[in-house]
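> I'd like to go over a predicted model; first the sequence, then the structure.
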Amino acid sequence: MEFQDYYKILGVKRDAGADEVQRAYRKLARKYHPDVNKEESAEDTFKRINEAYEVLKDPEKRKLYDTYGKDWQQGGFHQQAGTAGGFRPSGGPDGFSQSFRYSTGEGFEQSADFSDFFKSFFGGGFRGDQGVNFGYQQPGRSHEAEITVSLRDVYHGASRAISLQHYETDAGGQVRPVTKTLNVKIPKGITDGSVIRLAGQGEQGAGGGAAGDLLLRITINTDPRFTVNGRDLYTKVAISPWEAALGTRVTVQTVEGSVNLTVPKGSQNGRRLRLRGKGIPGRNGDPGDLTVELEIRMPTKLSDEERRLFTELAETSRFNPRDTQPQRGTSHAKS
């Protein structure tokens with residue numbers, strides 16, 4: 001039978017690491033997938049690529065391949081296959097099945113025939129619905145996706161229906177898209193960057209192995225009113241010069257409603273006031289806080305009466321801010 005040089009097929013050196021092997025495989029799989037490449041030889045090339053990756057991605061299979069290579073028959077593989085790396089051909093009553101399900105790592109599945117070299121080297125017991133059966137179970141890989149939620153979802157908890165699309169091969173050997181809808185519970189108080197694990201919703205396992213998980217990474221959608229830092233929220237509220245000088249009460253929006261905030265008299269621009277417990281709720285502890293930064297804003301247009309009052313204030317007041325705050329440089333100076 002013809003020896004299959006899997007390293008040459010993927011275009012990698014024999015000492016290539018797992019990441020390099022995976023990158024080479026994905027690049028070639030995209031190039032030669034029959035749905036993309038319409039050349040007559042593309043399908044056969046695609047099958048060889050997947051056969052090579054099936055061996056080289058697995059440390060135990062790769063070890064056997066590297067040990068015996070083209071001289072595996074002289075190396076006594078059949079006598080040692082029962083112990084080396086824990087592989088045992090299943091020897092099922094149906095023998096070798098021509099259909100093998102594999103994942104390309106790009107979100108779809110396909111079926112492929114394997115060469116005589118592969119069948120003889122790794123045994124003849126395959127099951128098309130479970131993948132290659134080497135007498136051991138291999139769990140499926142986990143997949144990761146991103147889900148965007150609102151602050152209100154985080155604050156109160158929510159349920160979201162998400163649709164995921166993957167590809168399956170039908171009875172006629174045609175690859176078709178399949179959409180799966182999952183109902184995901186967003187826990188109250190979850191933070192940005194947290195991960196929700198959906199057990200068994202990832203890649204199908206091989207040899208009857210458990211399916212992988214689907215990992216949903218949480219991204220909190222931008223809210224123009226707040227900046228999020230962990231469980232704490234930050235916001236800015238504008239006040240007038242006289243409100244800052246005399247003190248006042250202003251309405252501040254929170255995620256769940258509004259509250260009245262007391263602005264102490266004599267407040268300066270940039271002063272921060274904390275509303276405890278008005279941030280994101282804690283899942284197993286105290287909620288975060290809402291910090292309000294005061295921003296003193298001046299009117300851009302004055303009525304005659306306002307101009308008169310400001311003129312009178314300027315003539316009456318002895319306050320000079322430069323007496324207490326000398327001139328200084330800023331952090332935004334350009335070199």
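Structure's in. What do you need?
> If you rank every helix and strand of this protein by mean pLDDT, what lands last?
strand 100-103 (a mean of 35; mean pLDDT, DSSP states H and E).
> pLDDT weak spots in this protein?
Scanning the chain with the threshold set as pLDDT under 70 gives 1-2, 68-114, 116-137, 165-175, 206-207, 332-335.
> How about the strand or helix carrying Arg48, which residues are buried there?
Counting by DSSP states H and E, the element that carries Arg48 is helix 42-56. In terms of neighbour count (16 or more other C-beta atoms under 10 Å), helix 42-56 has its buried residues at 42-43, 45-56. C-beta here means a position set from N, CA and C on the backbone, and glycine is covered the same way.
> Return the member of those residues nearest to Asp19.
Set against Asp19, the nearest of the buried residues of helix 42-56 by C-beta to C-beta is Leu56 (11.9 Å).
> which residues does Thr227 contact?
233-235 (C-beta atoms under 8 Å, 6 or more residues apart in numbering).
> ranges for the helices of the stretch 151-300 of the chain?
If DSSP state H, counting those that start in this stretch is used as the criterion, the helices of the stretch 151-300 of the chain fall at 151-156, 241-246.
> helices or strands up against the last one?
Using 3 or more C-beta pairs under 8 Å, 6 or more residues apart in numbering; DSSP states H and E as the contact criterion, the secondary-structure elements in contact with helix 241-246 are strand 290-296.
> Which neighbouring elements make contact with the strand it packs on?
Applying 3+ C-beta pairs under 8 Å, 6+ apart, one finds that strand 290-296 contacts strand 232-239, helix 241-246, strand 272-275.
> quick one on the thing from earlier: between the contacts of Thr227, which has the most around it?
Of all these, the highest neighbour tally under other C-beta atoms under 10 Å goes to Leu233, namely 24 neighbours.
> residues in contact with that residue?
151, 226-227, 254-255, 278-280, 288-291.
> Just give the number of residues close to Asp153.
20.
> centre of the chain versus stretch 230-249, how much separation?
37 Å (C-alpha atoms, centre = their mean, to the nearest Å).
> Hmm, I typed the wrong one, I wanted stretch 273-287.
Computed by C-alpha atoms, centre = their mean, the separation of stretch 273-287 from the middle of its chain amounts to 26 Å.
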